[in-house]
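In: coordinates only, no sequence provided:
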């Protein structure tokens with residue numbers, strides 16, 4: 001099958017080395033795995049969107065990841081005897097492909113670059129999560145909203161003809177859970193950013209103006225690791241992992 005993506009596949013991307021498997025269709029709002037039924041697969045999203053969440057002891061739910069097409073999730077399956085403390089849910093109808101830990105390990109034996117690419121992905125995800133935790137602890141809502149938009153644009157965004165970066169399918173409710181605040185607070189801040197020309201949004205997407213957002217973050221003394229990649233977006237190309 002042919003799979004088209006908004007960003008160019010590079011040698012740093014694990015899906016450049018993963019073999020094709022049969023796909024699975026998952027309905028909207030279906031739980032893919034959770035603490036009671038942990039993941040036994042490393043998943044690749046072919047189409048649709050998946051939310052990764054964690055629930056604290058007091059019941060507070062936080063979105064730790066939003067995975068769109070070409071994104072991987074379920075990495076906990078790669079660690080032997082590692083308890084799963086997260087849940088994955090399809091927020092729309094999704095199509096996924098999956099590999100067991102044994103299949104991934106066998107593939108790494110054949111193609112060591114897959115192991116390096118997965119290591120880089122995990123380190124990058126860890127750095128991004130560290131930035132979010134620091135922002136929740138130290139920063140006020142305006143900085144946290146802008147940091148979340150930069151991170152999501154870096155992971156999910158595509159460049160529009162007029163220079164904005166488009167983040168598809170993110171509701172303000174999901175954005176609030178991603179940041180760790182109330183929806184009303186996010187709505188107020190998004191309206192402020194829209195009046196300033198930094199964002200525009202509909203129910204289908206959020207567009208951000210990268211230079212303005214990054215300038216404001218620097219003004220607040222923040223320099224997220226995601227800055228470089230969203231300042232220089234890559235052209236579209238075909239994906240080779242889910243190959244032709």
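Out: Structure's in. What do you need? All values derive from a computational prediction rather than experimental measurement. Residues are numbered from 1 along each chain as shown.

In: give the buried residues for the helix or strand that contains residue 188.
Out: Following DSSP states H and E, one finds residue 188 within helix 183-195. Neighbour-count burial for helix 183-195, counted by 16 or more other C-beta atoms under 10 Å, picks out 186, 189-190, 193. Yep, even glycine has a C-beta here, placed from its N, CA and C like the rest.

In: between the residues you listed, which is nearest residue 128?
Out: Set against residue 128, the nearest of the buried residues of helix 183-195 by C-beta to C-beta is residue 186 (18.9 Å).

In: any idea how far that closest one is from residue 178?
Out: Counting by C-beta to C-beta, to the nearest Å, the gap from residue 186 to residue 178 is 9 Å.

In: between all of the buried residues of helix 183-195, which two are separated the most?
Out: Longest span within these, C-beta to C-beta: 186 and 193, 10.3 Å.

In: overlap in contacts, these two.
Out: Listed as contacting both residue 186 and residue 193 by C-beta atoms under 8 Å, 6 or more residues apart in numbering are residue 145.

In: and the chain, what are its domains?
Out: The record's domain split for the chain, according to automatic domain parsing, is 4-121, 123-231.

In: buried set for the helix or strand where residue 126 lies?
Out: If you go by DSSP H and E, residue 126 is part of helix 112-138. Neighbour-count burial for helix 112-138, counted by 16+ other C-beta under 10 Å, picks out 114-115, 117-118, 121, 124-125, 128, 131-132, 135.
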